[in-house]
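Asks: Using only what follows, build the 3D model:
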Amino acid sequence: MIPQKLVIASRESALAMWQAEHIQSRLRALYPGCEVSILGLTTQGDRILDKTLSKIGGKGLFVKELEQALSDGRADLAVHSIKDVPMVLPEGFALAAICERESPFDAFVSNNYQRLEDLPAGAIVGTSSLRREAQLRARFPQLQVAPLRGNVQTRLAKLDRGDYAAIILAEAGLKRLGLTQRIRHTLSPADSLPAAGQGALGIEIATHCSELLPLLAPLNHAQTAACVTAERALARALGGSCQVPLAAYCTEQDGLLTLHGLVGHPDGSVILREEAQAPREYADALGRTVAKKLADNGAQEFIAAVLAEQAT
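Replies: Coordinates of the predicted model:
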């Protein structure tokens, strides 16, 4: 039975609202008789901008208020960037659909340089991500890496006023906001392996609203869902959070998934990489397999040491 009304919970940043409006338009097209509205919310992650995510509790800070709206009935579904969703959801919540992925890659943005290789020694590169920072420091130890928080427009404004020589952002966000012209260069997975789920949108519901599952099923993109399942399984198995530089990127060709995983030290001094392949139906197991290969290579002891360093 199609409900008369659906409410989407969303963060209020321009990018989050674009994402919510995209799902809103998809649902309206699928169910013309249903009124679909958006409930905009400000999360703790949006309010605290003077500290890096790894210092204030991680990416879950971007979803808690939205989950509260689902829990108390103010909203029926929440739209997230999957890379902002914790690897283990709180009890009572589930991902109902994973939508077709935009670009999963990182983008190099600068007003004066075309590529990372063009930056002079000592140039300041801004990023909000320990994952990007570790890979940047490993490849370009001569560069300075500085924290960069705020929404996309805020980050671009900081670049434009000269705080940074360049910044690294998710390419998907720039494309969705119509800012493709700001992208100087797309970083390959070899240069900057993406975060688990980067570029994909997820739809979360409260598990007691299981009647929404068939309504949201047409929004699920099977190939993207399989790849993201493998990526998140890898990160989950290693206790992945934004406190540790951890990357996971999966592709599919002819039903065969290839998953690349990376764990690094924030200073770039250690970078561990592993990969494996499996059929699509074994996506979750593939993630655990690559996680085990990384663990066997010393990743878990390494992660524990990095977390201990950050706690001191």
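Asks: where along the stretch 101-250 of the chain do the helices fall?
Replies: Secondary structure of the stretch 101-250 of the chain (DSSP state H, counting those that start in this stretch): helices at 130-139, 152-160, 171-176, 213-216, 222-237.
Asks: Make CSV out of those and add distance to residue 71, mean pLDDT and mean neighbour count.
Replies: Quick note: C-beta positions are derived from backbone N, CA and C, even for glycine. Conversion of the helices of the stretch 101-250 of the chain to CSV gives the following (distance: least, C-beta to C-beta, whole Å; pLDDT from 0 to 100; neighbours: other C-beta atoms under 10 Å):
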stretch, distance to residue 71, mean pLDDT, mean neighbour count
helix 130-139, 30, 95, 23
helix 152-160, 29, 96, 16
helix 171-176, 27, 97, 21
helix 213-216, 17, 97, 17
helix 222-237, 22, 97, 24
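Asks: With distance to residue 102 added, can I get those helices in CSV?
Replies: CSV is the format used below for the helices of the stretch 101-250 of the chain (distance: least, C-beta to C-beta, whole Å):
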stretch, distance to residue 102
helix 130-139, 18
helix 152-160, 14
helix 171-176, 4
helix 213-216, 19
helix 222-237, 10
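Asks: Relative to residue 9, which of these is closest?
Replies: helix 213-216 (14.0 Å; C-beta to C-beta).
Asks: Need the CA coordinates for that closest one. CSV is fine.
Replies: Below are the C-alpha coordinates for helix 213-216, written out as CSV (Å, rounded to 0.1, in the frame of the first residue of the first chain):
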residue,chain,number,x,y,z
LEU,A,213,11.1,-1.6,2.0
PRO,A,214,9.1,-2.6,-1.1
LEU,A,215,8.4,1.1,-1.8
LEU,A,216,12.2,1.9,-1.7
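Asks: returning to that earlier point: and of the helices of the stretch 101-250 of the chain, who's closest to residue 185?
Replies: Per C-beta to C-beta, nearest to residue 185 of those: helix 171-176, 10.0 Å.
Asks: Can I get that closest one as PDB, trimmed to CA atoms?
Replies: Extracted in PDB, the C-alpha atoms of helix 171-176 (Å, rounded to 0.1, in the frame of the first residue of the first chain):
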ATOM      1  CA  GLU A 171      34.300  14.600  -6.800                       C
ATOM      2  CA  ALA A 172      30.700  13.500  -6.400                       C
ATOM      3  CA  GLY A 173      29.700  16.400  -4.300                       C
ATOM      4  CA  LEU A 174      31.200  19.000  -6.700                       C
ATOM      5  CA  LYS A 175      29.400  17.300  -9.600                       C
ATOM      6  CA  ARG A 176      26.000  17.200  -7.800                       C
END
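Asks: Now do it: which elements does it pack against?
Replies: helix 14-30, strand 106-109 (3 or more C-beta pairs under 8 Å, 6 or more residues apart in numbering; DSSP states H and E).
Asks: Point out the most buried one among the ones you listed.
Replies: Most buried of these, by mean neighbour count (mean count of other C-beta atoms under 10 Å): strand 106-109, with a mean of 25.
Asks: Direction included, what does that strand pair up with?
Replies: According to DSSP bridges, strand 106-109 forms sheet pairs with strand 166-170 (antiparallel), strand 185-186 (antiparallel).
Asks: Deepest-packed of the ones you listed, please.
Replies: The most buried one of the strands paired with strand 106-109 (mean count of other C-beta under 10 Å) is strand 166-170, showing a mean of 24.
Asks: Kindly export it (C-alpha atoms) in PDB.
Replies: In PDB, the C-alpha atoms belonging to strand 166-170 read as follows (Å, rounded to 0.1, in the frame of the first residue of the first chain):
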ATOM      1  CA  ALA A 166      44.900  23.400  -3.100                       C
ATOM      2  CA  ILE A 167      42.200  21.300  -1.500                       C
ATOM      3  CA  ILE A 168      41.000  17.700  -2.000                       C
ATOM      4  CA  LEU A 169      37.200  17.100  -2.100                       C
ATOM      5  CA  ALA A 170      34.900  14.300  -3.100                       C
END
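Asks: Find out how far it is from the centre of the chain, if you would.
Replies: Centroid displacement of strand 166-170 relative to its chain, using C-alpha atoms, centre = their mean, to the nearest Å, is 14 Å.
Asks: Likewise for stretch 191-201?
Replies: Centroid displacement of stretch 191-201 relative to its chain, using C-alpha atoms, centre = their mean, is 6 Å.
Asks: Could you shift the numbering so residue one becomes 57, and keep it that way?
Replies: Taking 57 as the first residue, the last one we looked at is stretch 247-257.
Asks: From the opening residue of it to its closing one, how far?
Replies: Using C-alpha to C-alpha, to the nearest Å, the end-to-end distance of stretch 247-257 comes out at 24 Å.
Asks: do stretch 284-303 as well
Replies: Across stretch 284-303, first to last residue, C-alpha to C-alpha, it's 12 Å.
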